[in-house]
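Engineer: Based on what follows, work out the 3D shape:
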Amino acid sequence: MGFLREITEEYLGALRYVKEVPRDVELPVGRDIVALVGPRRAGKTFLMLRHAKDLLDSGKQALYVSFDEFQFRGIDARKLAEMAREEYPSGEVYLFLDEVQEWEGWDSKLRWLHDVKDFFLYVTGSSSVLQSSEIPSRLRGRYVSVLLLPFSFREVSRQEKVDVVTFRERGAIRALLNDYMTWGGFPEVWIYRSREKLVSLLETMFYRDVMERHRVRDTAVFLEVARLVISSYSCPVTWHSIRRALKSSGVNIDVKTVMSYVEYMRQAYLVFLVKRFTYSDREALAAPKKIYLVDPGIATLLEKPMDKGRRAENLVFLELVRRGYEPYYYVTRSGKEVDFVTKKEKMIVEVALEDWEKHVGKVAEAARELGVNEATIITWDAEGEEKVGNRRVTIVPLWKWLLQETTKNKP
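Structural biologist: From the prediction side, this is the model:
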């Protein structure tokens, strides 16, 4: 057994010590490079290693390399290919390359490995530059990305074996949802319900994925920007409003630096920026953005008591992304804001845990303006259906909506 197989076996051996939670994400099969992207510690490495083990158990040839290990970061693609062929002299080899954004010149090296056609390539990365929409042009047509977010509520409820039939079970599912809204779905944090692990995770993302990668010099200023941005989740903001808020707390920073720091956080999958729905690119660019966190647990570090309404809105945003939608927010012609609209499907979703009756007219107005016949209001426990003219408004509890099975996110 050679060096790469030894490393692969060592990593695979660690799987038996991990408490597995089955995921709803599947890795596609084909000749394209498959990139599993998402935030640090969301389970990308585990999913990749599980896939490698399944292949080896079925008699296939597979190798795993982590570019978190410095010895591999400067390696040439041809040298890596030679090492793989020392392990498996003939036949196709599945290469699993972890944290590939740390590999110097990763895009051109992946293209070379792809073009020699000896390998099926699976890569992971904790930077958004590995998403299909942002990759360099030399990889276009050779590449597909799959986003892996922290555990969904559906995944953790399945792991906790909570079924929903009786009133007792419905009470249990709401208690589980409260827990999930508090701790979020990062695997280690969820399993141990640990504030310490949440702090450690956020510090790692700040220092490794933002400050080190982008060489941020003024750590104190960046952390102030990050604190304000995280505190503004589920709210509309502008670059100027962030700058003014910082200035009022004694941090003087220009708008360009604010934009850069928020973009670094976006690239590290700490936050998502949601645009206003409009058919004019210029209007969308000028309008405020809404900020959502990659996981609701992050807000726990800065928010007490919990703002359940904003957490719920953030959860709904993440679930829409998991289901393969691209959410926008919408402002009706009369100036009323609707939480989510998806452009292609024209789906309208409003989050109103309480007083949902006040939102029926607004979503019906949005439906009329957008030319669709139905909308959804997500509540805490109310359920039913309302009619406004020929528009149907479905009322559904948050837990039930989050548990809905969907096939849209399957490759």
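Engineer: And for stretch 257-267, what's in contact with it?
Structural biologist: Under the criterion Cβ atoms under 8 Å, 6 or more residues apart in numbering, residues 127-129, 209-210, 213-214, 216, 221-222, 225-226, 229, 239, 242-243, 246, 271-273 lie in contact with stretch 257-267. The C-beta positions use only the backbone N, C-alpha and C, and glycine is treated the same way.
Engineer: ok, now with 6 Å
Structural biologist: For stretch 257-267, contacts defined as Cβ atoms under 6 Å, 6 or more residues apart in numbering pick out 127-128, 210, 214, 222, 225, 229, 239, 242-243, 271.
Engineer: where in the stretch 151-300 of the chain is pLDDT low?
Structural biologist: 160-168 (pLDDT under 70).
Engineer: And the strands in it?
Structural biologist: Using DSSP state E, counting those that start in this stretch, the strands of the stretch 151-300 of the chain run over 236-237, 271-274, 289-293.
Engineer: Neighbouring strands - and their directions - for the longest one?
Structural biologist: To tie it back to what came earlier, the one meant is strand 289-293. strand 236-237 (antiparallel), strand 271-274 (antiparallel) (DSSP bridges).
Engineer: For residue 239, grab the count of nearby residues.
Structural biologist: By other Cβ atoms under 10 Å, 16 other residues sit near residue 239.
Engineer: Determine which stretch of the strands paired with strand 289-293 is the most buried.
Structural biologist: Among the strands paired with strand 289-293, the stretch with the highest mean neighbour count (mean count of other Cβ atoms under 10 Å) is strand 271-274, at a mean of 19.
Engineer: then it to CSV, C-alphas only?
Structural biologist: Provided in CSV are the C-alpha atoms of strand 271-274 (Å, rounded to 0.1, in the frame of the first residue of the first chain):
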residue,chain,number,x,y,z
VAL,A,271,-23.9,35.4,5.1
PHE,A,272,-26.1,35.5,2.0
LEU,A,273,-27.2,38.8,0.4
VAL,A,274,-30.7,38.9,-1.1
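Engineer: Next, the contact list for the residue positioned nearest the centre of the chain, please.
Structural biologist: The structure's the chain has its C-alpha centroid closest to residue 149; by Cα atoms, centre = their mean the separation is 3.7 Å. If a contact means Cβ under 6 Å, 6+ apart, then residue 149 has residue 38 as its contacts.
Engineer: Tell me both backbone torsions, phi and psi, for it.
Structural biologist: phi -90, psi 170 (degrees, to the nearest 10).
Engineer: From residue 199, how far out is it?
Structural biologist: Taking Cβ to Cβ, to the nearest Å as the measure, residue 149 falls 20 Å from residue 199.
Engineer: Residue 121 now?
Structural biologist: 35 Å.
Engineer: Between these two, tell me which one has more neighbours.
Structural biologist: For residue 121 versus residue 199, neighbours defined as other Cβ under 10 Å are more numerous around residue 121 (20 against 12).
Engineer: Quick check: bridge partners of that one?
Structural biologist: Applying DSSP bridges, one finds that residue 121 bridges with residue 95.
Engineer: any idea of the mean pLDDT for the helix or strand in which residue 330 is found?
Structural biologist: Using DSSP states H and E, the element containing residue 330 is strand 327-331. In this model, strand 327-331 carries a mean pLDDT of 97.
Engineer: Give me the helices and strands touching that strand, please.
Structural biologist: strand 337-342 (3 or more Cβ pairs under 6 Å, 6 or more residues apart in numbering; DSSP states H and E).
Engineer: run the last query once more with 10 Å
Structural biologist: Packing contacts for strand 327-331, counted by 3 or more Cβ pairs under 10 Å, 6 or more residues apart in numbering; DSSP states H and E, involve strand 271-274, strand 289-293, helix 308-322, strand 337-342, strand 347-351, helix 360-370.
Engineer: How is the protein divided into domains?
Structural biologist: Following automatic domain parsing, one gets these domains for the chain: 3-147, 323-411.
Engineer: Just put the strands paired with strand 289-293 in TSV and tack on distance to residue 17.
Structural biologist: Below are these laid out as TSV (distance: least, Cβ to Cβ, whole Å):
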stretch	distance to residue 17
strand 236-237	42
strand 271-274	32
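Engineer: I appreciate the help and will end here.
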